[in-house]
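1. what would the 3D arrangement of this be:
(one chain, ligands or ions: 2)
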Amino acid sequence: MSDCIFCMIINGDIPSNKVYEDDKCVAFYDVAPAAPVHVLLLPKTHCDNVTKCDPELLGYMMSKIQVIAEKTGIMESGFRVVINTGKDGGQTVNHLHIHIIGGKELGWPPC
Ligand code: 5GP
Ligand code: ZN
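-> Numbering: from 1, shown residues only. Ligands and ions are numbered 1, 2, ... in the order given. Coordinates of the predicted model:
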């Protein structure tokens, strides 16, 4: 999708601070972090949200969470994995992304 900001990051049209990348997915730091560590993990091929994504690809991306947690130093302290979906879910960028948030004790519930 040419008007998708995350596709633009994937294409290199917008810079990002990458944590992880392979042929299927990429992870970079959120531009407006909600915690000391806030990474977004997303597929390289555009899909609007978690309900539109190939489940196999979704599973593959989930398997990379531990890699990112280790790389960013939050594996031992713990972290939160969030997929905002649609208007009520607070999704603002309609390219599926998995938030990986940590580096401090997080509050709950989020609403
Ligand atoms: P959502 O609200 O859709 O779940 O999350 C979108 C996230 O993308 C937000 O946390 C927001 O800060 C982040 N974001 C939006 N635009 C950019 C950008 O250009 N670069 C980076 N690194 N993050 C972005
Ligand atoms: Zn996109």
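2. rest of the way, CA atoms for contacts and neighbours
-> Will do.
3. sec struct for Phe6, please.
-> Assigned with DSSP: H, G, I helix; E, B strand; the rest coil, Phe6 falls in the helix class.
4. adjacent strands (with direction) for the longest strand anywhere in the chain?
-> Criterion DSSP state E: the longest strand present in the chain is strand 37-43. Here strand 37-43 has these sheet partners by DSSP bridges: strand 25-29 (antiparallel), strand 98-102 (antiparallel).
5. give me whichever of those strands is most buried.
-> Most buried of those, by mean neighbour count (mean count of other Cα atoms under 10 Å): strand 98-102, with a mean of 22.
6. Gly90: neighbour count?
-> 10 (other Cα atoms under 10 Å).
7. ok, and the closest non-adjacent residue to it?
-> Of all residues not flanking Gly90 in the chain, Asn84 sits nearest, at 5.6 Å (Cα to Cα, 6 or more residues apart in numbering).
8. any idea how many residues pack against that neighbour?
-> Asn84: 19 neighbours (other Cα under 10 Å).
9. the one 10 residues further on now?
-> Burial of Asn94 is recorded as 17 neighbouring residues (other Cα under 10 Å).
10. hmm, it is touching Lys52, no?
-> No - Asn94 lies out of contact with Lys52 (Cα atoms under 8 Å); the separation is 10.8 Å.
11. returning to that earlier point: contacting residues for the residue nearest to Gly90?
-> Applying Cα atoms under 8 Å, 6 or more residues apart in numbering, one finds that Asn84 lies in contact with 90-91, 98.
12. quick one: these as a markdown table, columns for pLDDT and distance to Leu41 too.
-> Shown next, in a markdown table, are those (pLDDT from 0 to 100; distance: Cα to Cα, whole Å):
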| residue | pLDDT | distance to Leu41 |
| --- | --- | --- |
| Gly90 | 97 | 17 |
| Gln91 | 98 | 14 |
| Ile98 | 98 | 5 |
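13. done for today, thanks.
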